[in-house]
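>>> this is the structure alone, sequence omitted:
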């Protein structure tokens with residue numbers, strides 16, 4: 001059984017979550033200096049709107065990150081030692097007072113976590129291919145007047161303290177939670193090509209645009225990469241609950257916080273899905289692995305190992321204990337969704 005909670009509140013001060021009680025943080029915050037987020041930042045700090053109106057873009061930029069830093073400090077409080085933080089963030093390009101420039105959000109976040117003593121691990125570039133035929137911004141063919149088009153965002157990865165160690169029952173859970181060899185080769189690449197509108201389980205397109213939620217595939221990968229079955233995953237900017245859904249499919253517990261009460265209600269509605277919807281994700285993952293094994297040449301198939309729980313072949317010994325449980329039932333109690341597994 002796993003539990004998935006949606007809390008309406010300010011992620012800079014969430015007393016409902018005890019100290020050092022979550023194992024992984026996966027989130028995509030509002031992006032400073034992206035216009036769709038100006039209002040939410042300005043409501044929390046009116047000085048930001050003043051700076052934007054007077055054309056003082058850098059001052060607004062730094063004030064926005066001061067707000068985010070308070071949320072990162074709260075993440076530090078609730079995260080266990082040796083836990084991980086994964087943050088999807090995009091840099092911003094904007095013209096202020098006629099001056100076009102880049103506002104580097106990812107460097108601000110890296111610097112804050114470095115200051116807190118975190119280890120900065122290799123990041124991932126999430127490439128979001130555009131359908132636009134124009135791969136530039138600015139004055140077309142003339143030198144010194146056009147700018148590179150941004151089609152990527154960052155997934156930053158931090159670790160609090162040293163390497164996480166597993167003993168006893170924890171070691172068995174880690175072995176059960178292993179990923180497939182072919183998943184490792186894709187997931188641990190530094191470039192992910194996933195279209196921004198891709199959703200496996202999601203609410204309506206209008207709701208996604210309102211919350212700017214990221215594709216299900218991103219948190220699903222990260223949850224499987226940096227946590228084990230039964231861990232608790234926290235998303236301080238939960239939006240429509242995409243991280244929670246990923247945890248439901250991956251058999252992790254989850255907590256999401258959303259400042260907007262209406263969007264929090266949509267998130268709770270969005271994660272109250274059927275067992276069949278979650279099993280579609282789980283079954284697809286297993287089927288992709290089976291198809292991969294079947295695609296191997298006969299000589300490589302002969303060198304495979306047998307998974308003890310599922311009975312299919314796997315590439316390495318480390319995959320022999322993988323056990324991917326299907327969902328048997330989904331229920332809701334107040335602001336918490338509970339998943340039961342077969």
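Structure received. Because the structure is a prediction, the values reported are computed rather than measured. Residues are numbered from 1 along each chain as shown.
>>> now do the most centrally placed residue in the chain, the pLDDT please.
Taking CA atoms, centre = their mean, the centroid of the chain lies closest to residue 219, which sits 3.7 Å from it. Note for residue 219: predicted pLDDT of 97.
>>> again, but for the one 3 residues further on
Model confidence at residue 222, expressed as pLDDT, equals 98.
>>> just residue 296 next, same as before
pLDDT for residue 296: 96.
>>> quick one: it and residue 303 touch, right?
No: checked against CB atoms under 8 Å, the pair residue 296 and residue 303 is beyond contact range at 9.1 Å. Using the backbone N, CA and C atoms, a C-beta is placed for each residue, glycine as well.
>>> comparing those two, which residue is more hemmed in?
Remark: of residue 296 and residue 303, residue 296 carries more neighbours, 15 against 9, as counted by other CB atoms under 10 Å.
>>> right, and the helix or strand after the helix or strand bottoming out on mean pLDDT in the chain?
Lowest mean confidence among the helices and strands of the chain (mean pLDDT, DSSP states H and E): helix 205-211, at a mean of 50. Downstream of helix 205-211, the first helix or strand assigned by DSSP states H and E is helix 217-226.
>>> chain center to the helix or strand following that following helix: distance?
Downstream of helix 217-226, the next assigned helix or strand under DSSP H and E is strand 232-235. On the basis of CA atoms, centre = their mean, to the nearest Å, strand 232-235 sits 10 Å off its chain's mean C-alpha point.
>>> give me the mean pLDDT for the helix or strand that contains residue 257.
Using DSSP H and E, residue 257 sits within strand 253-258. Average pLDDT, strand 253-258: 97.
>>> which outside residues touch that strand?
Where contact means CB atoms under 8 Å, 6 or more residues apart in numbering, the residues beyond strand 253-258 that reach it are 2-11, 14, 17, 22, 230-239, 241, 243-244, 247-248, 264, 267.
>>> buried sites along that strand?
253-258 (16 or more other CB atoms under 10 Å).
>>> could you do stretch 66-77 as well?
Buried residues in stretch 66-77, defined by neighbour count with 16+ other CB under 10 Å: 66-69, 71-72, 74-76.
>>> closest one of those to residue 182?
Of all those, residue 182 sits closest to residue 75, with 31.8 Å by CB to CB.
>>> ok, now which ones touch that closest one?
Neighbours of residue 75 in contact, by CB under 8 Å, 6+ apart: 25, 85, 234, 236.
>>> just the buried residues of those residues.
Among these, those scoring as buried are 25, 85, 234, 236 (criterion: 16+ other CB under 10 Å).
>>> make CSV out of those residues and add distance to residue 308 and pLDDT.
Converted to CSV, these look like this (distance: CB to CB, whole Å; pLDDT from 0 to 100):
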residue, distance to residue 308, pLDDT
25, 32, 98
85, 33, 98
234, 32, 98
236, 38, 98
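>>> can you tell me which of these is closest to residue 41?
residue 236 (15.0 Å).
>>> OK, contacts around the closest one?
Counted by CB under 8 Å, 6+ apart, residue 236 has contacts 11, 14, 25, 27, 29, 71, 74-75, 257.
>>> how about 7 Å then?
Contacts for residue 236 were tallied using CB atoms under 7 Å, 6 or more residues apart in numbering; they are 11, 27, 71, 74-75, 257.
>>> equivalent analysis for residue 150, please.
91, 93 are the contacts of residue 150 under CB under 7 Å, 6+ apart.
>>> hmm, try it at 8 Å
Contacts of residue 150 were listed using CB under 8 Å, 6+ apart, and they are 90-91, 93.
>>> and it, how close does it get to residue 105?
As for residue 150, its distance to residue 105 is 12 Å (criterion: CB to CB, to the nearest Å).
>>> ditto for residue 5
For residue 5 relative to residue 105 (CB to CB), the value is 28 Å.
>>> so where is the protein shaky, pLDDT-wise?
Confidence mapping of the chain against pLDDT under 70 gives the ranges 129-140, 196-212.
>>> for it, what's the longest strand?
strand 79-89 (DSSP state E).
>>> helix or strand next in line after that one, which one?
The helix or strand immediately downstream of strand 79-89 is strand 92-96, counting by DSSP H and E.
>>> what are the contacting residues of the helix or strand following that following strand?
Next in sequence after strand 92-96, counting helices and strands by DSSP H and E, comes strand 99-103. Contacts to strand 99-103, defined as CB under 8 Å, 6+ apart, come from residues 32-33, 57, 61, 91-95, 137-138, 147.
>>> need the next SSE after strand 99-103, C-terminal direction.
Under the assignment DSSP H and E, the closest C-terminal helix or strand after strand 99-103 is helix 105-115.
>>> leaving out chain neighbours, which residue sits closest to residue 189?
residue 124 (7.7 Å; CB to CB, 6 or more residues apart in numbering).
>>> so that neighbour: helix, strand or coil?
strand (DSSP: H, G, I helix; E, B strand; the rest coil).
>>> residue 69: what's it in contact with?
residue 112.
>>> what helix or strand does it sit in?
Using DSSP H and E, residue 69 falls in helix 57-78.
>>> what are the phi and psi values at residue 41?
Main-chain dihedrals, residue 41, degrees, to the nearest 10: phi -70, psi -40.
>>> nope, residue 26 is what I was after
As for residue 26, its main-chain torsions (degrees, to the nearest 10) stand at phi -130, psi 120.
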